[in-house]
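Visitor: got a predicted model here, sequence first, then my questions.
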Amino acid sequence: MFGMQAAVGQALAHGSRKDTITMRRESERGSERRRRRGSERDGGHRDISLELQKQPAVSVLGMKRSNIITIALSSLPPPRLLPPAIYSMDSRVLDREDVQRLQLLVPTEEELSLIKETKAQNPHGPLAQAELCLLTLGEIPHLSTRLQLWAFALDYDSLEREIAEPLFHLKLAMEQLTASQTFRCILATVLAIGNFLNGCKARGFELSYLGKLSQVRDTHTRQPLLHHVCALLLQLYPQSSDLYSDITAVTKAGKCDYSQVQTNFAQLESQCKASWEQLKVLEKAEEKKKGGKWDKWRGGGGGGGGGGGGDEALAPEGSLRHRLPKILKECEERLKVLRAVHRRVINRFHSFLLFLGYSRSMVRDTKAEDFCKTISNFSLEYRTTRQAVLLQRERERQKTGAESPGPNTPVGRRKHLQQTPSQENEEQCRLEEVLRTPESISRPDVTLPRNRRRITDIQGPFSQRLKW
């Protein structure tokens, strides 16, 4: 018996050094005592932090204004990063949309005074997120001026493009119309048909009448006049195009508002002048604050946004803030070029209208967008009608090929099929003959025809059949 106990005791004494039930219990008691001492030591600090967390945030702004600021802050960097980014105009921290959001958050004097008074009455109370943001932004001098300058420097390229692109489309539209042989043939054909039907010798017509070609129909076949124009051009000028694919710039110019282009150009000039004035205000303010504020900030007193001169002095040399004078100078030079381009394109458009036969009074009243829209709509109608005429001719060709007399066709039917042209073809040939005959230009007449005759007064079988 005693030998067994001795063996067990010897095994426990000389066994491995692993944790036993007794040793694990002692370790747990020691850990509990250490946690108790730590909680007693940190109790005071935790009570203070809990008391601060229990205090409600101070809010003095209206619900709508507070919600707007909170929503904007969700897309902006932390408020502590805003002042240095605004001073240096760092686009890596704030992009164009962020600058636009900040312009909506610029605090008023009433809001700042109200926040400061509330903070003075309750110095230990934490400010709400919206109030803290406005207070941080309010410490930046000339905040609105800085944001406007920054926005102008970022927006100038897009503002210039809104003016230059419509002018480019108008210039290219005039070049395409001048180079289009199909457009020239259409004008000549419409003028010849009009002179033939009216019995006059006019040298030109207003291009707004092109939009009426699809509305006037003849009494015989009920086809619009545009249909006959397309048929004549396909026969007289088979190499002509559908016109719409030749004048793509005219379609783009017809969608522009050139009155708004003039307004945008005037606004851009005024913004450039205002930017120079704003830059002078900033430079004057920086000169006043550069001495004392910079020394104070270097001594350790410039942690917030109040040290305007120090924050601006910390802006890198290559930052947008330091490059503003050069940028505004470049914008001013580009505005001079844009002004010359605008003047030349508009003058060229007026000369183009005179080339088309417009009078000077009509040139002054004609808007570029209306003119281009008229030509664009007509070209679309012309392409559609031309495709219909080509499809009709293809069907007639297939039908004629199917009915062509063969070797087994009777002689009487073969003679009947060969009796062409008909009376309608004869009328078409007479009109083509008029188009091929050069008109006399002994009397220069740029106005509308004065002597008009009725269609019934024109002698001949063609005039009796075509009544417009």
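Guide: Everything's here; your move. Numbers count the residues shown, from 1 in each chain.
Visitor: from here on, just use CA atoms for contacts and neighbour counts.
Guide: Will do.
Visitor: the helices in the stretch 101-250 of the chain, which residues?
Guide: 109-121, 129-138, 143-179, 181-198, 225-236, 248-254 (DSSP state H, counting those that start in this stretch).
Visitor: as a markdown table, the ones you listed with mean pLDDT and distance to Trp276 would be great.
Guide: Formatted as a markdown table, the helices of the stretch 101-250 of the chain follow (pLDDT from 0 to 100; distance: least, Cα to Cα, whole Å):
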| stretch | mean pLDDT | distance to Trp276 |
| --- | --- | --- |
| helix 109-121 | 89 | 25 |
| helix 129-138 | 90 | 23 |
| helix 143-179 | 95 | 9 |
| helix 181-198 | 91 | 49 |
| helix 225-236 | 91 | 57 |
| helix 248-254 | 95 | 34 |
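Visitor: for Pro325, which of these is the nearest?
Guide: With Cα to Cα as the measure, helix 143-179 is the member of the helices of the stretch 101-250 of the chain nearest Pro325 (10.5 Å).
Visitor: Phe205 - how many residues pack around it?
Guide: Residue neighbour count, defined by other Cα atoms under 10 Å, stands at 19 for Phe205.
Visitor: so it makes contact with Leu191?
Guide: Yes - with contact taken as Cα atoms under 8 Å, Phe205 and Leu191 are classed as touching, separated by 7.2 Å.
Visitor: returning to what we had before: looking at the helices of the stretch 101-250 of the chain, which is buried most?
Guide: Ranked by average neighbour count under the criterion mean count of other Cα atoms under 10 Å, the helices of the stretch 101-250 of the chain are headed by helix 248-254 at a mean of 23.
Visitor: can you name the element that comes right after that one?
Guide: The helix or strand immediately downstream of helix 248-254 is helix 258-296, counting by DSSP states H and E.
Visitor: and that next one, what does it pack against?
Guide: In this structure, helix 258-296 packs against helix 143-179, helix 308-313, helix 320-355, with contacts taken as 3 or more Cα pairs under 8 Å, 6 or more residues apart in numbering; DSSP states H and E.
Visitor: what angle separates it from helix 143-179?
Guide: Calculated by axes from the mean of the first three to the mean of the last three Cα atoms, to 10 degrees, helix 258-296 forms an angle of 150 degrees with helix 143-179.
Visitor: show me which residues of helix 258-296 are buried.
Guide: Under the neighbour-count criterion of 16 or more other Cα atoms under 10 Å, helix 258-296 has 258, 261, 264-265, 268-269, 271-272, 275-276, 278-279, 286, 290, 293-294 buried.
Visitor: so which one among the residues you listed has the lowest pLDDT?
Guide: Taking pLDDT as the measure, these have their low point at Trp294 (40).
Visitor: how big is the angle separating the helix or strand harbouring Glu97 from helix 143-179?
Guide: Assessed by DSSP H and E, Glu97 sits inside helix 96-104. Angle between the axes of helix 96-104 and helix 143-179 is 130 degrees (criterion: the same axes, to 10 degrees).
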